[in-house]
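Asker: Quick one, fold the following:
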Amino acid sequence: MNDIQRRGIGMTSQRTRDRLIRRLQEEDITNQAVLDAMRNTPRHLFVEEALAHRAYEDSALPIGFSQTISQPYIVARMTEVLLSAGIPQKVLEIGTGCGYQTAILARLVPQVYSVERIQPLLERARARLREQGHRNVQLKLADGGMGWPEKGPYNAIISTAAPERVPAELLQQLAPSGILVIPVGSENKQVLQAIVRRGDSQNFDTLQLEAVRFVPLLGGVERQ
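Answerer: Just a heads-up that it's a prediction; the model follows:
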């Protein structure tokens with residue numbers, strides 16, 4: 001990929017990215033580090049070439065395998081909530097997908113672990129993240145509902161897919177005072193939740209944030 005492709009042209013230009021950032025600010029995204037990460041991450045490189053001209057719209061886009069790249073507002077909102085109590089040293093992401101949310105996190109926290117159940121998506125994400133120089137990310141093909149216990153506990157966990165109920169395994173992998181940001185509910189009715197562990201106890205406080213719509217969190221692994 002040449003330098004022009006990396007910078008983006010036309011609808012993927014810096015001006016177009018800046019327009020998206022202004023829209024996020026209008027939607028009450030205030031964390032400057034999150035906004036800078038969004039501005040500097042080339043979203044057009046995480047979507048199919050045919051959709052690159054739509055990369056900086058504030059909308060979700062298909063990435064294949066019945067999965068989507070999340071709406072930029074949702075990425076920014078979830079990341080902002082994740083950082084609300086400070087910068088977590090170690091973050092677990094459930095659902096690598098195309099790797100865009102992973103790349104945003106990699107710019108903001110020291111270490112990111114991410115699991116994806118669909119092998120072709122994981123391989124594409126790994127290549128994109130490596131090409132962009134993100135060395136603080138580890139990826140694994142796994143059932144997201146199980147998390148990645150061998151690498152835990154985590155100061156923060158973020159899920160880009162919605163279970164009908166919060167998996168107990170994810171709560172168990174939260175470090176003391178850790179936060180889990182996750183959409184929860186059925187396909188037609190989901191709520192974004194922030195769940196905070198009370199110190200080192202087994203008690204959790206749950207904050208209902210807003211209505212959202214994500215792909216469901218499915219079990220198992222797809223190797224193709």
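
Asker: any idea of the mean pLDDT in stretch 71-90?
Answerer: Throughout stretch 71-90, pLDDT has a mean value of 96.

Asker: give me every residue that touches residue 208.
Answerer: Residues in contact with residue 208 (CB atoms under 8 Å, 6 or more residues apart in numbering) are 191-193. (Glycine included, C-beta is placed from N, CA and C.)

Asker: Indicate each strand paired with the helix or strand where it lies and its parallel or antiparallel sense.
Answerer: Taking DSSP states H and E as the criterion, residue 208 maps to strand 204-212. Here strand 204-212 is paired, per DSSP bridges, with strand 189-197 (antiparallel).

Asker: can you list the residues that contact the partner strand?
Answerer: So strand 189-197 is in contact with 74, 77-78, 81, 84-85, 162, 166, 171, 174-185, 203-214, going by CB under 8 Å, 6+ apart.

Asker: how about the helices of this protein, start to end?
Answerer: Secondary structure of the chain (DSSP state H): helices at 3-7, 14-26, 32-40, 72-82, 100-106, 119-131, 168-172.

Asker: buried stuff in the strand holding residue 208?
Answerer: For strand 204-212, the buried set under the neighbour-count rule, 16 or more other CB atoms under 10 Å, comprises residue 212.

Asker: any idea how far residue 62 is from residue 139?
Answerer: 21 Å (CB to CB, to the nearest Å).

Asker: For those two, work out which one has more neighbours and name it.
Answerer: The neighbour count for residue 139 versus residue 62, taken as other CB atoms under 10 Å, is higher for residue 139 (21 against 12).

Asker: Make sure that one is actually in contact with residue 128.
Answerer: No. Taking contacts as CB atoms under 8 Å, residue 139 lies outside contact range of residue 128: 11.0 Å.

Asker: follow-up on the earlier one: using CSV, lay out the helices of the chain together with mean neighbour count.
Answerer: Formatted as CSV, the helices of the chain follow (neighbours: other CB atoms under 10 Å):
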stretch, mean neighbour count
helix 3-7, 10
helix 14-26, 15
helix 32-40, 16
helix 72-82, 23
helix 100-106, 25
helix 119-131, 17
helix 168-172, 16
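
Asker: quick one, which of those helices is nearest to residue 90?
Answerer: helix 100-106 (10.8 Å; CB to CB).

Asker: which strands and helices sit next to the closest one?
Answerer: helix 32-40, helix 72-82, strand 90-94, strand 111-116, helix 119-131, strand 137-141 (3 or more CB pairs under 8 Å, 6 or more residues apart in numbering; DSSP states H and E).

Asker: Output those in TSV; the columns should cover distance to residue 24.
Answerer: Formatted as TSV, these follow (distance: least, CB to CB, whole Å):
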stretch	distance to residue 24
helix 32-40	6
helix 72-82	5
strand 90-94	20
strand 111-116	21
helix 119-131	22
strand 137-141	23
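
Asker: among those, which is nearest residue 56?
Answerer: helix 72-82 (7.6 Å).

Asker: how big is the angle separating the closest one from helix 32-40?
Answerer: Angle, helix 72-82 to helix 32-40, by axes from the mean of the first three to the mean of the last three CA atoms, to 10 degrees: 150 degrees.

Asker: Since that was my last question, I'll sign off now.
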